[in-house]
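K.L.:
compute the structure for the input listed below.
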Amino acid sequence: TGEYWFSSMNKADPSKSRVIEWMIDHENVGAVTELDWNISASSQIKAGLWLHDQQPPGPPVTQRKYLATAQGLKFDGWSVLADNERHRIISPYASWFKSFEQVDVEAGLRYVDLRLGALTAYNNTGKVAGISDPDAARAAGGVNAMASAEAKTLDAWLPFLGMNWRLDRQTSLLAHAGRTYGLDVNLFPYYYAQQAAFKAKGVSFQSLWDQLELETADNFDVGLRHVREDWYAGATLFYALHQNKQSTIYDPVVDARYPWNVADASRYGIELEAGMQLTEAWSVSGNYSWNRFRYDQDLALSSKVNLATDGKQVVDTPEHLINLGTRYRMEAWTLGADVRYVGERYGDVLNLEKVDAVTLVDVMLQYRLNRAVNVTLDVRNLFDTEYVGPISAADDAIANFTAAMNGVTGNGSQYQYGAPRSVFVSLAGQF
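P.N.:
Next up is the predicted model:
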């Protein structure tokens, strides 16, 4: 429970600046139960059930709008005014594991039944724009039937298969295949903000809601790992095909833009890892990943213009990542250092806003009080390097459309500051 504040500021014309207060009332409850059955010494069956019940968001349903003035913030109506029923997930799953002489095999299947709660929108114009209490505003505005939708159920089957083939005592060949899913519910705030255009064409939110699909990804990887007494090394090749990836599209019939599950993307690359025990007290390790995550098509920006997204790197996805670490242990003390390299990445799918690569250094000191308890001092970003942290951006780089409703230019990407030098002290026990 609380509020999340964000803003779209226009220095040239302050009258178009807005500050949004997103009122959040969020609660999750759930349960997981699992049965493990050892059929024999070398085979096992698992079966379980995952239950999840969530009080939204998302999508956002209660957002106050404020005008930024020289005197401060002035209430200026409702950016979003709605109610949302709870979401729920029912997901049974089962797996089978069998260990043969040289090969371990695991296969399984999960079913996901996802129910999105009904959305009831309320009118936010007229006298409602002057009522700041959400319950009173809903009562005064009345139900907005064109912007409302009934509960919707989405489902998916998620199979997986894994294998570990022991070529010899030190070397293993590993292979995995499986499907995963994801879902964003960003459609509603887009519809609500542009409801006049949709209503003019007789397009209800329910008609769009009915066509919403789950995003899925088919993932494949194969790797080789070799382990010796004082060193190890491994390499993994991976490939993934993403279907129904959500992107904001242009609809020429309505002359509006909104999120839709239309984009396909592919991801492939390699991961390398290695480690060595240099002495009884001193060890080193490292890993490297090369990740090509690209859109497979152009996206429509207007009825005549497409965004040239085909082949562009997905937002906030560095192509190169390197991690190097070392540990020195002496009796009860452990001293460590890690170097993290994050390669160049982009804040928009057109790959015009490049974020420079960054190298960060972390150090740690740990003391073992006894066999079960450790106290650790961690210093992250030791040299207090300034860098860009996570990037949030619309998949099609036209989030500027949402901001443009307030007269704001730019592609709408949000760049967060990277964490400065941070010091942590922790106490951990294992009993």
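
K.L.:
that's a helix at P189, yeah?
P.N.:
Yes. Counting by DSSP: H, G, I helix; E, B strand; the rest coil, P189 is found in a helix.

K.L.:
any idea how far it lies from F431?
P.N.:
Separation of P189 from F431 (Cβ to Cβ, to the nearest Å): 48 Å. For the C-beta atoms, the positions are set from N, CA and C on the backbone; glycine is no exception.

K.L.:
of these two, which one has the most company?
P.N.:
P189 (20 against 5; other Cβ atoms under 10 Å).

K.L.:
contacting residues for the more buried one?
P.N.:
Contact partners of P189, counting by Cβ atoms under 8 Å, 6 or more residues apart in numbering, are 59-60, 80.

K.L.:
got any ranges where the stretch 251-400 of the chain has weak pLDDT?
P.N.:
300-305, 392-400 (pLDDT under 70).

K.L.:
what are the ranges of the strands in it?
P.N.:
For the stretch 251-400 of the chain, strands defined by DSSP state E, counting those that start in this stretch occupy the ranges 256-277, 282-295, 299-300, 306-307, 320-330, 333-342, 345-346, 354-355, 358-368, 373-380, 388-392.

K.L.:
quick one, the fifth one and strand 333-342 angle?
P.N.:
Okay, so that is strand 320-330. With axes from the mean of the first three to the mean of the last three Cα atoms, to 10 degrees as the basis, strand 320-330 and strand 333-342 are set at 170 degrees to each other.

K.L.:
go through strand 320-330 and flag the buried ones.
P.N.:
Of the residues in strand 320-330, 321-322, 325, 327, 329 count as buried by neighbour count, 16 or more other Cβ atoms under 10 Å.

K.L.:
just the pLDDT at R88, thanks.
P.N.:
Note on R88: pLDDT of 94.

K.L.:
that one: what's it in contact with?
P.N.:
Taking Cβ under 8 Å, 6+ apart, one finds 51-54, 114-115, 117 in contact with R88.

K.L.:
you'd agree T153 is up against L114?
P.N.:
Yes. T153 is in contact with L114 according to Cβ atoms under 8 Å; the separation is 6.9 Å.

K.L.:
before we move on, the earlier item: filter the contacts of R88 to the buried ones?
P.N.:
Buried members of the contacts of R88, scored by 16+ other Cβ under 10 Å, are 54, 114-115, 117.

K.L.:
using JSON lines, lay out these together with distance to W157 and secondary structure.
P.N.:
JSON lines is the format used below for the buried ones among the contacts of R88 (distance: Cβ to Cβ, whole Å; DSSP: H, G, I helix; E, B strand; the rest coil):
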{"residue": "Q54", "distance to W157": "22", "secondary structure": "strand"}
{"residue": "L114", "distance to W157": "13", "secondary structure": "strand"}
{"residue": "R115", "distance to W157": "17", "secondary structure": "strand"}
{"residue": "G117", "distance to W157": "23", "secondary structure": "coil"}
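
K.L.:
what is the nearest of those residues to A281?
P.N.:
Q54 (48.4 Å; Cβ to Cβ).

K.L.:
now do stretch 343-355: distance to the chain's middle.
P.N.:
18 Å (Cα atoms, centre = their mean, to the nearest Å).

K.L.:
return the per-residue confidence for the nearest residue to I131 once chain neighbours are set aside.
P.N.:
Of all residues not flanking I131 in the chain, A137 sits nearest, at 4.3 Å (Cβ to Cβ, 6 or more residues apart in numbering). With respect to pLDDT, A137 has a value of 94.

K.L.:
now for P56, how many residues are close by?
P.N.:
When neighbours are counted by other Cβ under 10 Å, P56 comes out with 21.

K.L.:
the one 4 residues further on too?
P.N.:
For P60, the tally of surrounding residues (other Cβ under 10 Å) stands at 21.

K.L.:
before we move on, what SS does it have?
P.N.:
Secondary structure state of P60, per three-state DSSP, is coil.

K.L.:
roughly how far does it sit from D83?
P.N.:
Distance, P60 to D83, using Cβ to Cβ: 12 Å.

K.L.:
beta partners of F6?
P.N.:
Counting by DSSP bridges, F6 is bridged to I20.

K.L.:
Q54 is in contact with R86, correct?
P.N.:
Yes. The pair formed by R86 and Q54 meets the contact definition of Cβ under 8 Å, at 6.2 Å.

K.L.:
with distance to A94 added, can I get the strands of the stretch 251-400 of the chain in TSV?
P.N.:
Putting the strands of the stretch 251-400 of the chain into TSV (distance: least, Cβ to Cβ, whole Å) gives the following:
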stretch	distance to A94
strand 256-277	28
strand 282-295	31
strand 299-300	38
strand 306-307	42
strand 320-330	35
strand 333-342	39
strand 345-346	39
strand 354-355	43
strand 358-368	41
strand 373-380	38
strand 388-392	36
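
K.L.:
closest one to L237 among those strands?
P.N.:
For L237, the closest of those is strand 256-277, at 5.5 Å, according to Cβ to Cβ.

K.L.:
partners of that closest one, with directions?
P.N.:
Strand 256-277 sits in its sheet next to strand 231-251 (antiparallel), strand 282-295 (antiparallel), going by DSSP bridges.

K.L.:
among the ones you listed, which is the most enclosed?
P.N.:
For those, the largest average neighbour count (mean count of other Cβ atoms under 10 Å) is found in strand 231-251, namely a mean of 18.

K.L.:
surely R368 touches A332?
P.N.:
Yes. With contact defined as Cβ under 8 Å, R368 counts as touching A332 (4.4 Å).

K.L.:
out of these two, which sits in the busier spot?
P.N.:
Taking neighbours as other Cβ under 10 Å, R368 and A332 compare with R368 leading, 15 against 11.

K.L.:
beta-bridge partners for the more buried one, please?
P.N.:
Applying DSSP bridges, one finds that R368 bridges with N374.

K.L.:
what residues are up against it?
P.N.:
Going by Cβ under 8 Å, 6+ apart, R368 touches 332-334, 374.

K.L.:
TSV for the residues you listed, including distance to E213?
P.N.:
Output for these, formatted as TSV (distance: Cβ to Cβ, whole Å):
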residue	distance to E213
A332	56
W333	55
T334	49
N374	47
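
K.L.:
filter those down to the buried ones.
P.N.:
The buried subset of the contacts of R368 (16+ other Cβ under 10 Å) comprises 334, 374.

K.L.:
list just the nearest of the contacts of R368 to V19.
P.N.:
V19 has its nearest neighbour among the contacts of R368 in N374, at 45.5 Å by Cβ to Cβ.
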